[in-house]
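[1] When you get a sec, could you give me coordinates for this:
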Amino acid sequence: MGVVITASEPSWIAPYSGLSPKQFGKLITVLRRGGPSLVCRGRPWSLPLEDRVLLVAAYWRTNLTLRQLAPLFGISKSAAGRIVSQLGPLLALRPRSRFRRDTVLIVDGTLVPTRDHTVAERSKNYRYSTNHQVVVDADTRLVVVVGRPLPGNRNDCKAWELSGAKAAVGNTVVIADGGYRGTGLVIPHRRAPGESELSAWKEEHNTSHRKVRARVEHAFARMKTWKILRDCRLKGDGVHHAMLGIAHLHNLARRG
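    Predicted structure coming up:
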């Protein structure tokens, strides 16, 4: 079976991984340092590590079915499935464990349409989706935490705690939108009962708040160029691994 896409040809790397060849090389180096986690019993892989990583990235980026993608790498559908299952978790973002004292984070939830109805529920987009709480650093705009996926009908103020995102950031200052009332996060000012309009200083604060909070929306826009986040066919933890892996690749691309 002939190979069409390969990481040995640098021109294939950027379109299918979203990374430059140099960034892709750094990712491979980090994975190789993992050592034992890449070793599995049985026959050795027919594809080198670089091509296997590119296959997983291409699967997330294009959302082609494995039956469509496997021939492009010269392997069978079942082999492609095993590669995605093995490498997907290894590409996952590692949540940051410590934050500087002056760090400011931004959180928001995003919905990922998911075909596995055991982990999803109908949400405000009228599709079976999962709710993912994503936390970004307001300064670097890098993703620092992605919470566990919850059914899409959970509101953000509940998902913030249940997903584990709240525990992951500890006491760090976090800003959010008005959907996080009662969580202790920094949210926009709202009119009190009987008030016709906000005072000038509150309006000014809300304007500043919106400009900063927009950075998490920009992160979502970049991450959702990976088409698997528009219609995920993976089962079980697959959607979580895809979200974490795409967050990791997004950060690599942002760092340059």
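[2] Give me the secondary structure label for the residue in the chain sticking out farthest from the centre.
    The centre of the chain is farthest from one residue, Gly194, which by CA atoms, centre = their mean lies 41.5 Å away. Here Gly194 is coil, with the state taken from DSSP: H, G, I helix; E, B strand; the rest coil.
[3] Report the separation between it and Glu204.
    Distance, Gly194 to Glu204, using CB to CB, to the nearest Å: 22 Å. (C-beta placed from N, C-alpha, C; glycine too.)
[4] Same check on Phe24?
    Applying CB to CB to Phe24 and Glu204 gives a distance of 44 Å.
[5] where exactly do the helices run in this structure?
    Ranges of helices in the chain, per DSSP state H, are 13-17, 21-33, 49-62, 66-69, 77-90, 156-162, 165-169, 200-223, 238-255.
[6] possible to save those helices as CSV with distance to Leu105, mean neighbour count and mean pLDDT?
    Shown next, in CSV, are the helices of the chain (distance: least, CB to CB, whole Å; neighbours: other CB atoms under 10 Å; pLDDT from 0 to 100):
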stretch, distance to Leu105, mean neighbour count, mean pLDDT
helix 13-17, 27, 19, 93
helix 21-33, 24, 14, 92
helix 49-62, 25, 22, 96
helix 66-69, 36, 16, 94
helix 77-90, 25, 17, 94
helix 156-162, 12, 19, 94
helix 165-169, 6, 18, 94
helix 200-223, 9, 14, 93
helix 238-255, 14, 21, 95
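[7] how about the ones you listed, which one is nearest Val145?
    helix 165-169 (4.5 Å; CB to CB).
[8] can you tell which of the helices of the chain is closest to Arg127?
    Distance to Arg127, taken as CB to CB, is lowest for helix 238-255 among the helices of the chain, at 13.2 Å.
[9] Of the helices of the chain, give the one that comes closest to Val135.
    Short answer: helix 165-169, nearest of the helices of the chain by CB to CB, at 5.8 Å.
[10] who touches the closest one?
    Helix 165-169 is touched from outside by 95, 99, 105, 107, 133, 135, 144-147, 159-161, 183, with contacts defined as CB atoms under 8 Å, 6 or more residues apart in numbering.
[11] domains in this protein, as residue ranges please.
    For the chain, the domain assignment from automatic domain parsing gives the residue ranges 10-90, 104-255.
[12] Dump those to TSV, plus distance to Val4.
    Output for those, formatted as TSV (distance: least, CB to CB, whole Å):
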stretch	distance to Val4
domain 10-90	5
domain 104-255	19
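[13] wait, what's in contact with Arg213?
    106, 108, 175-177 are the contacts of Arg213 under CB under 8 Å, 6+ apart.
[14] repeat that with 6 Å
    Listed by CB atoms under 6 Å, 6 or more residues apart in numbering, the contact partners of Arg213 are 106, 175.
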